[in-house]
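J.: Quick one: sequence plus predicted model below, questions after.
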Number of protein chains: 2
Amino acid sequence: MIVLQIEKLKEQIKNWKKEGLTVGLVPTMGALHAGHKSLIDKSVEKCDRTVVSVFVNPIQFCPGEDLDKYPRTLEADSELCKNAGVDIVFAPSPKEMYGEGYILSNDFLTYVIPPYFYVNKLCGKSRVGHFDGVCTVVNKLFNIVQPDYAFFGEKDAQQLIIIKKMVKDLNIPVEIVPCPIVREQSGLALSSRNKYLSSEQKEQALVLSKILFNIKTCYDNGIKDVEALKDTAFSFLNEHHDLEYLEFRDENTLEEKTTADNNTRVFIAVKIGDVRLIDNILLK
Amino acid sequence: MIVLQIEKLKEQIKNWKKEGLTVGLVPTMGALHAGHKSLIDKSVEKCDRTVVSVFVNPIQFCPGEDLDKYPRTLEADSELCKNAGVDIVFAPSPKEMYGEGYILSNDFLTYVIPPYFYVNKLCGKSRVGHFDGVCTVVNKLFNIVQPDYAFFGEKDAQQLIIIKKMVKDLNIPVEIVPCPIVREQSGLALSSRNKYLSSEQKEQALVLSKILFNIKTCYDNGIKDVEALKDTAFSFLNEHHDLEYLEFRDENTLEEKTTADNNTRVFIAVKIGDVRLIDNILLK
């Protein structure tokens, strides 16, 4: 069932709560693929009821980003959800979420702002304000759905770490369930933005997972020095790859590592043509 | 019953919710007086269970403000609460609220930030960051207590308006109940900070309510021009009064008024010696 209105959703949730049922939330921007499907499956398995939100959140896009051309495929998304056993697809309009004549600046809207130390690095560095928009909308969704569990992919690892920090800092009564990255046979991490890639670019895009898998192998073989591990990346890069970052950071605090250990997560972002792709791996 | 720990409180609340009981929250910084008592009475009357939080929130004090000398009277507070029929006094330590070795900067803590338009005026102008601290702690308390109703005094009218805005913007499932200002016979609005006043200063402090009551009378007598209404204030002021602001603003949006109407709230702040006092009145 697709629900467009907040009040209608809240009513349904209220009835579930009265019956003592547990509720899982999978927040998405739609364009669902097997990565999202793995989150949905986990929620359906773990919770009595599952809500999938499909909302391309305007306030997490920066000027010049792909808000307008971000893929919107609600029909296919709801079909996937139905087949997966989802109870409600919540697909509000921006107006429903942010009000009539909505003005999305911090002049007129209350924002939830994650700590600067967590956002001034990795994707946050090039996407100023992005995680403010993410935390604000996730906070709204948590308040609307009041889920027992919420499912986030490790694909967006910085986002997951920031959401966990927000939940802790604000005492939000939701348990965050991290879900592993889903990859194509080739190693390419699934992403809605993969749709933008030509078949040639898709080939080029394998560089992210190749670099990460190779680093993991080197680490497993005993190389712990981060500079040495970084150096292993360069043989994979060519003129089609615009490396934005390759960083080794603590899995929970995002502090930078000079020596890798089992709590180290390796983060990579590469631009292939106009398409910015990210990936990451935990060195455990 | 005094509860110091978040987890213990949540357990109790969970049991109440299971029984289908409604919960009211009265958030305070302690030093309870008849003003707080009126909020408590309203909650006890309206809700099955009432929680009063007593927490001098460090992150809403600005550098140089009275955090250290702010009155702390937990024993008297809990006595007042007990007699008023309060079920739980929640009195956490700063460490309990913000964690071990807590660092209260926005480098390491998630903040809830009210819109700039609502905070860059009145008390927010001189108390930079104050309402960020208020919204953050109130958001935390809402998540911990999950009240059906929360009670706020109109004494801190800007705070009340900002909290209502936060609740709307973030879809927080709490109903805000505004409670009228309680005054001494003399007209002086009750405030925990009145304790700082000498008996002579207390006399001087009557200027706030005198100015407001006089403006209301003039308005009722047909004067609607804000400049003319402001002019009526000056005959009350003397060298003991340091007028910080006297402003006419919309009751909900805080927009400035040039012509007063029934939605206009008049805000005043005056420093008497070292003590900063505020008051306000709705021109309805």
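T.: Cool, got the structure.
J.: The nearest residue to A:Lys155 once chain neighbours are set aside: neighbour count?
T.: Of all residues not flanking A:Lys155 in the chain, A:Ile181 sits nearest, at 4.9 Å (CB to CB, 6 or more residues apart in numbering or on different chains). All C-beta spots, glycine's among them, are computed from the backbone N, C-alpha and C. Using other CB atoms under 10 Å in any protein chain shown, A:Ile181 has 20 neighbouring residues.
J.: need the contact list for A:Ile181.
T.: Shown in contact with A:Ile181 (CB atoms under 8 Å, 6 or more residues apart in numbering or on different chains): A:35, A:153-155, A:189-190, A:279-280.
J.: Then A:Asn263?
T.: A:250-252, A:284.
J.: ok, so of these, who is nearest chain B?
T.: A:Asn252 (12.8 Å; CB to the nearest CB).
J.: got the contact list for that closest one?
T.: A:161, A:164, A:263.
J.: which stretches of chain A form strands?
T.: For chain A, strands defined by DSSP state E occupy the ranges A:2-3, A:23-28, A:49-54, A:88-90, A:111-113, A:149-153, A:175-179, A:241-250, A:264-272, A:275-282.
J.: strands paired with the first one, and their directions?
T.: Looking at strand A:2-3 with DSSP bridges, its partner strands are strand A:88-90 (parallel).
J.: tell me the mean pLDDT for the partner strand?
T.: For strand A:88-90, mean pLDDT rounds to 98.
J.: One more: stretch A:56-68?
T.: 90.
J.: does chain B sit close to it?
T.: No: using CB under 8 Å from any CB of the partner chain, stretch A:56-68 stays clear of chain B, coming no nearer than 11.2 Å.
J.: Tell me the buried residues in that stretch?
T.: Buried residues in stretch A:56-68, counted by 16 or more other CB atoms under 10 Å in any protein chain shown: A:56-61.
J.: Next: stretch A:240-253.
T.: Under 16+ other CB under 10 Å, the buried positions of stretch A:240-253 are A:241, A:243-244, A:246-249, A:251.
J.: What of stretch A:84-96?
T.: For stretch A:84-96, by 16+ other CB under 10 Å, it's A:84, A:86-92, A:96.
J.: what about that stretch, how long is it end to end?
T.: Chord length of stretch A:84-96, first to last residue, is 26 Å (CA to CA, to the nearest Å).
J.: ditto for stretch A:79-99
T.: 28 Å.
J.: so how many other residues sit close to A:Lys140?
T.: A:Lys140: 23 neighbours (other CB under 10 Å).
J.: re the thing from before, closest one of the buried residues of stretch A:56-68 to A:Lys195?
T.: A:Val56 (13.9 Å; CB to CB).
J.: doesn't A:Met29 make contact with the closest one?
T.: Yes: with contact defined as CB atoms under 8 Å, A:Val56 reaches A:Met29; the gap is 4.9 Å.
J.: Return every residue with contacts to both of these two.
T.: Joint contacts of A:Val56 and A:Met29 (CB under 8 Å, 6+ apart) are A:Tyr70.
J.: Spell out which parts of chain A neighbour chain B.
T.: A:6, A:10, A:106-117, A:135-136, A:139-140, A:143-144, A:146, A:165-166, A:169-173.
J.: So which of those residues are in helices?
T.: A:6, A:10, A:116-117, A:135-136, A:139-140, A:143-144, A:165-166, A:169 (DSSP state H).
J.: Let me know whether A:Gly273 touches A:Glu200 as I believe.
T.: No: counting by CB under 8 Å, A:Gly273 stays clear of A:Glu200, with 9.3 Å between them.
J.: So between the two, which is more surrounded?
T.: A:Gly273 (14 against 11).
J.: Can you tell me how far the more buried one is from chain B?
T.: 35 Å (CB to the nearest CB, to the nearest Å).
J.: same check, this time on A:Asp77
T.: With CB to the nearest CB as the criterion, A:Asp77 and chain B are 22 Å apart.
J.: A:Gly24 is in contact with A:Val44, correct?
T.: Yes: A:Val44 is within contact range of A:Gly24, at 7.5 Å (criterion: CB under 8 Å).
J.: In contact with A:Tyr116, which residues?
T.: A:Tyr116 is in contact with B:106-107, counting by CB under 8 Å, 6+ apart.
J.: Could you tell me the model confidence score at it?
T.: The predicted local confidence for A:Tyr116 is 95.
J.: next one: A:Ser126
T.: pLDDT at A:Ser126 comes out at 89.
J.: State the distance from the closest residue to it other than its chain neighbours to chain B.
T.: Leaving aside its chain neighbours, A:Ser126 sits nearest to A:Glu244 (6.5 Å; criterion: CB to CB, 6+ apart). Applying CB to the nearest CB, the value for A:Glu244 to chain B is 23 Å.
J.: possible to save the buried residues of stretch A:84-96 as a markdown table with distance to A:Arg72?
T.: Output for the buried residues of stretch A:84-96, formatted as a markdown table (distance: CB to CB, whole Å):
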| residue | distance to A:Arg72 |
| --- | --- |
| A:Ala84 | 19 |
| A:Val86 | 18 |
| A:Asp87 | 22 |
| A:Ile88 | 19 |
| A:Val89 | 13 |
| A:Phe90 | 15 |
| A:Ala91 | 10 |
| A:Pro92 | 13 |
| A:Glu96 | 15 |
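J.: Can you tell me which of those is nearest A:Phe267?
T.: A:Ala84 (29.4 Å).
J.: tell me the contacts of that closest one?
T.: Neighbours of A:Ala84 in contact, by CB under 8 Å, 6+ apart: A:37, A:40-41, A:44.
J.: Can you flag the buried ones in those residues?
T.: A:37, A:40-41, A:44.
J.: So which of those belong to helices?
T.: Mapping the buried ones among the contacts of A:Ala84 onto helices (DSSP H) picks out A:37, A:40-41, A:44.
J.: Spatially, which two of those are the most separated?
T.: A:Lys37 and A:Val44 (10.2 Å).
J.: low pLDDT regions in chain A?
T.: A:101-103 (pLDDT under 70).
J.: what residues go with each domain of it?
T.: A:2-179, A:192-279 (automatic domain parsing).
J.: Please identify the deepest-packed of the ones you listed.
T.: Most buried of the domains of chain A, by mean neighbour count (mean count of other CB atoms under 10 Å in any protein chain shown): domain A:2-179, with a mean of 19.
J.: starting at the chain centroid, how far to that domain?
T.: How far domain A:2-179 lies from its chain's middle: 9 Å, per CA atoms, centre = their mean, to the nearest Å.
J.: same deal with stretch A:275-283?
T.: Counting by CA atoms, centre = their mean, stretch A:275-283 comes out at 11 Å from the chain centroid.
J.: hmm, back to that, return the member of the buried residues of stretch A:240-253 nearest to A:Leu67.
T.: Once CB to CB is applied, the member of the buried residues of stretch A:240-253 that ends up nearest A:Leu67 is A:Glu244, at 19.8 Å.
J.: what residues are up against the closest one?
T.: A:126, A:269-271, A:276.
J.: before we move on, what about A:Leu283?
T.: A:215-216, A:219, A:260-262, A:264-266.
J.: Kindly indicate which of those residues lies nearest chain B.
T.: A:Arg265 (19.2 Å).
J.: dump the residue contacts of that closest one.
T.: Contacts of A:Arg265 (CB under 8 Å, 6+ apart): A:157, A:248-251, A:280-283.
J.: Could you do A:Glu227 as well?
T.: Here A:Glu227 is in contact with A:Thr258 (CB under 8 Å, 6+ apart).
J.: Next, find the distance separating it from B:Ile163.
T.: 50 Å (CB to CB, to the nearest Å).
J.: With A:Lys224 instead?
T.: Distance from A:Lys224 to B:Ile163, by CB to CB: 50 Å.
J.: rewinding a little: what's the closest of the contacts of A:Ala84 to chain B?
T.: Using CB to the nearest CB, the contacts of A:Ala84 come closest to chain B at A:Ile40, 22.9 Å.
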